[in-house]
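Chemist: Model the following, please.
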Amino acid sequence: MRNKPYEYYSVPEMKDLKEMINRNADQIPDNTAFIYPCETGEMKKSYLDLKNDIDAFGTWMYDKKIKDKHVAIIGENSYEWLVTYFAAIFGGSVAVAIDKNLPEDEVMDLSKIGEVDVFFVSDTYYEKLKKKTRKKMYNLKEFDDFLSEGRSLLKEGTDEFLKYELIHDKTATILFTSGTTGISKGVELTNHNIAFEIVNTSKLFEPKGGVLAVLPFHHAFGLVVGILMVINYCQPIYINKSLKFVKKNMEEFGPQTMFLVPMFVEFFHRQIWAEIAKRGKTQAFKGLMKSTDLLLKTGLDVRKKTYGTIQKVFGGNLEYIICGGAALDPMYVKEFRTWGIEILNGYGATECSPCTAVNRPLFHKDGSVGVVVPGIEVKATEEGEIAFRGELVMKGYYKNPEATAAALKDGWYHTGDLGYVDEDNFIFLTGRAKNLIILSNGENISPEELELNLQRDDAVNEALVYDENGKIVAEVFPDEKHLGDVEYFEKLKNKVNKGRPIYKQITKIKLRDEEFIKNASMKIVRHKNIPAGN
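Modeler: Sure, this is the predicted structure:
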């Protein structure tokens, strides 16, 4: 198989999102933009439908004096969510995306940080949040009525919204950091940040079929990479409204590409191997995979025929999973590749719009988080911290100059991630600077290294490693079969420690009976899970 540098993909240029939507509506008006479930089955929206709905919704917003405002959008993934987002930005307002799953008080705290003027909320959360604020709040259940009013205004000749011209260095959106180690901050991304990100990151990967949108829209990866880039490539997007329908959606829609965080990959992997074990075929299947890999090296690809049953789980057409948001064990990449599905690991941060690197279909390195997005700079500082500079780097943290100054130094965004950049501009991560365990003997340990080794065991669902009174402790959430099985995890601890220097060995494993608290990227939130005083 070819695995070497090759030319970037040809990508339509654009200055802002409005130009992208208008271009698609003009050039491919009847092509499907979105498919999503509704009460009568499935709804399809063409690119012309999308533009017309944005224009109508934005015109209605202007009539309600919602212009140059901070507009919060809260709710499940939906077409209505996206139209609200586009209409807010295209009218010169700032779209403030807030995680629907947060407690109501935290939602309100973030809305204060983002200085929200008006809320658009899905019906599920409307009544709860309505009680928490005196600000104007609209229920997206009335979306069709808003559109109808907007269309009537357009017919009457109201065109102020249509004539608004986007200012490229103006803040378009505020997205909140995931807050794995502290309080969330509001990241300001401009119209230019987002346009640059979409165009240049898309040069590294090109979907050639439908995409199932699973990740939450309030998260930068789910929105910018999983939705906006796909629109720029003119591919249809199926909107998943709830994780309980993911399997059903995959089977019905048959996506060619999915954008996922590691939690999904790990879940699918466990399910596949559990089904194989249930049939008593584990050893035989491992042998088959070795044979498949050997044949592939000789140029004979039998994966589609051999692993059709596995591929059918994903709808039968899945070729690529773009995985980001957290670290992924290279083992998953290798096994999915054997089954005929290429996982392209990527890397980024909300502060970088968000993608800064991704492995390419024909140029990838297992264990890396990808090759750097064209048009930006990357470096590892003297301390080994990865930093980026370029036009996709945020404007700053909204009204938080201290945090902005700490993160942006001479135009370089400092990620807090430790790692290195190789001769081909691939990035390899080794841990988080803030997570480093510094022992009394002066040795520094990245807990991620030990967590990765623990998570390779099938009995471990989740693991968190930290320092407790100078000792390395691993806290584990086991699978259902091994809940409370102290003896099993004592053996696992010894297995992981074998061959390691004493200072890098786990002293104790603590078992828990519930999942760790996670953020929107499904990363474990360390400051909420590590016991106080450690």
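Chemist: what stretches of the stretch 151-300 of the chain score poorly on pLDDT?
Modeler: 178-182 (pLDDT under 70).
Chemist: Swap in 90 and give it another go.
Modeler: Confidence mapping of the stretch 151-300 of the chain against pLDDT under 90 gives the ranges 177-184, 242-243, 262-263, 266.
Chemist: now the helices for it?
Modeler: 160-163, 191-201, 220, 229-232, 246-253, 262-278, 282-297 (DSSP state H, counting those that start in this stretch).
Chemist: Deepest-packed of those, please.
Modeler: helix 220 (a mean of 32; mean count of other Cβ atoms under 10 Å). Backbone N, C-alpha and C define where each C-beta goes, glycine included.
Chemist: now that one, how far from the chain's geometric center?
Modeler: 6 Å (Cα atoms, centre = their mean, to the nearest Å).
Chemist: follow-up on the earlier one: the helices of the stretch 151-300 of the chain into CSV, with extra columns for distance to residue 29?
Modeler: Formatted as CSV, those follow (distance: least, Cβ to Cβ, whole Å):
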stretch, distance to residue 29
helix 160-163, 17
helix 191-201, 21
helix 220, 29
helix 229-232, 14
helix 246-253, 22
helix 262-278, 34
helix 282-297, 42
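Chemist: For residue 428, which of those is the nearest?
Modeler: Proximity of the helices of the stretch 151-300 of the chain to residue 428 was assessed by Cβ to Cβ; the nearest stretch is helix 262-278, lying at 16.5 Å.
Chemist: which residues are contacting the closest one?
Modeler: Residues outside helix 262-278 that contact it (Cβ atoms under 8 Å, 6 or more residues apart in numbering): 214, 246, 282, 285, 310, 313-314, 321, 323, 325-328, 332, 335-336, 339, 343, 455, 458, 479, 522.
Chemist: Could you list which of these belong to helices?
Modeler: 246, 282, 285, 310, 313, 332, 335-336, 455 (DSSP state H).
Chemist: Let me know which of the helices of the stretch 151-300 of the chain is the nearest to residue 445.
Modeler: Here helix 262-278 is closest among the helices of the stretch 151-300 of the chain (Cβ to Cβ), at 21.6 Å.
Chemist: re earlier: out of the helices of the stretch 151-300 of the chain, which is closest to residue 392?
Modeler: The nearest among the helices of the stretch 151-300 of the chain, by Cβ to Cβ, is helix 191-201 at 4.5 Å.
Chemist: From the contact counts, what lies against that closest one?
Modeler: Packing contacts for helix 191-201, counted by 3 or more Cβ pairs under 8 Å, 6 or more residues apart in numbering; DSSP states H and E, involve helix 17-27, strand 171-176, helix 229-232, strand 355-358.
Chemist: Run the angle between that helix and strand 171-176 for me.
Modeler: Relative orientation of helix 191-201 versus strand 171-176 (axes from the mean of the first three to the mean of the last three Cα atoms, to 10 degrees): 80 degrees.
Chemist: got the contact list for helix 191-201?
Modeler: 11-17, 19-20, 89, 166-170, 172-173, 224-225, 228-229, 232, 352-355, 358, 373-376, 390-395.
Chemist: Please pull up the helix or strand immediately following the least confident helix or strand in the chain by mean pLDDT.
Modeler: Ranking every helix and strand in the chain by mean pLDDT, DSSP states H and E puts strand 437-438 at the bottom, with a mean of 74. Following strand 437-438 in sequence order, the next helix or strand is strand 444-445 (DSSP states H and E).
Chemist: who does that next one pair up with?
Modeler: strand 437-438 (antiparallel) (DSSP bridges).
Chemist: so what's residue 130 closest to, chain neighbours aside?
Modeler: residue 137 (5.4 Å; Cβ to Cβ, 6 or more residues apart in numbering).
Chemist: Which of the three states applies to that neighbour?
Modeler: Counting by DSSP: H, G, I helix; E, B strand; the rest coil, the backbone at residue 137 sits in strand.
Chemist: That one touches residue 122, doesn't it?
Modeler: No - judged on Cβ atoms under 8 Å, residue 137 makes no contact with residue 122 at a distance of 11.4 Å.
Chemist: neighbour count winner among these two?
Modeler: residue 122 (21 against 17; other Cβ atoms under 10 Å).
Chemist: got a pLDDT number for the more buried one?
Modeler: pLDDT for residue 122: 98.
Chemist: Residue 66 falls within a helix, correct?
Modeler: No - with three-state DSSP as the criterion, residue 66 is coil rather than part of a helix.
Chemist: could you measure the closest residue to residue 308 other than its chain neighbours against residue 310, distance?
Modeler: Leaving aside its sequence neighbours, residue 308 sits nearest to residue 316 (Cβ to Cβ, 6+ apart; 7.8 Å). For residue 316, the distance to residue 310 equals 10 Å [Cβ to Cβ, to the nearest Å].
Chemist: More neighbours: which of the two?
Modeler: A count of neighbours by other Cβ under 10 Å puts residue 310 above the other of residue 316 and residue 310, at 19 against 13.
Chemist: If you tally nearby residues, what's the number for the closest residue in space to the more buried one that isn't next to it in sequence?
Modeler: Nearest residue to residue 310, sequence neighbours excluded (Cβ to Cβ, 6+ apart): residue 339, at 4.9 Å. Other residues near residue 339 come to 22 when the count uses other Cβ under 10 Å.
Chemist: wait, what's in contact with residue 67?
Modeler: So residue 67 contacts 61, 91-93 (Cβ under 8 Å, 6+ apart).
Chemist: Redo those residues as CSV? Include pLDDT and distance to residue 291.
Modeler: Shown next, in CSV, are those (pLDDT from 0 to 100; distance: Cβ to Cβ, whole Å):
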residue, pLDDT, distance to residue 291
61, 98, 60
91, 98, 59
92, 98, 60
93, 98, 58
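Chemist: now, the most widely separated pair of these?
Modeler: Largest pairwise distance in the contacts of residue 67, by Cβ to Cβ, is 10.3 Å, between 61 and 92.
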